[in-house]
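>>> A structural model of the following input is requested.
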Amino acid sequence: MASQSGLPDLRRAKFARRLPATLSELAGPQRGPVCLPLHLAWSGLTTFDLDQPRLRMSYYRIVLAEGQHDDLVQYLDRDLLVDLWPTLRTLVSRDAREVWESAFGELGGSARAAA
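Reported below is the predicted structural model:
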């Protein structure tokens, strides 16, 4: 049977390859309805009203989980991500959370402040 010890590293590398160089690259919408393409929102809802907190959180969770680099830059907003992170970090995978927090101190700091 093959060892699974390398799987977390592979999953983290998948997320790390997608990251923007800085959070300031994230220039997505802050308000109103946004329609995600099917390669991101392939199961269920595709239009999210960012003025509604639950839909905004779902939207961010989907983009963080499924998005490639260009998707992250296009659909996420730096200020919203930082504001949502203390809750959002509990809704994404451990691998995604660790990659984002280790790459961007702003996120790791907000997580510690919320703890």
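
>>> which residues sit in contact with L81?
Contacts for L81 (Cβ atoms under 8 Å, 6 or more residues apart in numbering) come out as 23, 26, 60, 88, 107. All C-beta spots, glycine's among them, are computed from the backbone N, C-alpha and C.

>>> quick one: low-confidence ranges for the protein?
Counting by pLDDT under 70, the ranges of the chain that qualify are 1-8, 109-115.

>>> swap the cut-off to 90 and go again
By pLDDT under 90, the weakly predicted segments of the chain are 1-16, 42-45, 106, 108-115.

>>> Show me which residues of the top helix by length along it are buried.
In the chain, taking DSSP state H as the definition, the longest helix is helix 53-66. Residues 55-56, 58-64, 66 are the ones in helix 53-66 that count as buried (16 or more other Cβ atoms under 10 Å).

>>> Show me what the helix or strand that it is followed by is packed against.
Next helix or strand after helix 53-66 toward the C-terminus (DSSP states H and E): helix 69-75. Other helices and strands packing on helix 69-75, by 3 or more Cβ pairs under 8 Å, 6 or more residues apart in numbering; DSSP states H and E, are helix 7-18, helix 53-66.

>>> Tell me what angle the longest helix of the chain forms with helix 7-18.
Going by axes from the mean of the first three to the mean of the last three Cα atoms, to 10 degrees, helix 53-66 is angled at 100 degrees with respect to helix 7-18.

>>> by contact count, what packs against helix 53-66?
strand 47-49, helix 69-75, helix 78-88, helix 94-103.

>>> Could you export those as CSV, including distance to P37?
Formatted as CSV, these follow (distance: least, Cβ to Cβ, whole Å):
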stretch, distance to P37
strand 47-49, 11
helix 69-75, 8
helix 78-88, 19
helix 94-103, 20
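
>>> I appreciate the help and will end here.
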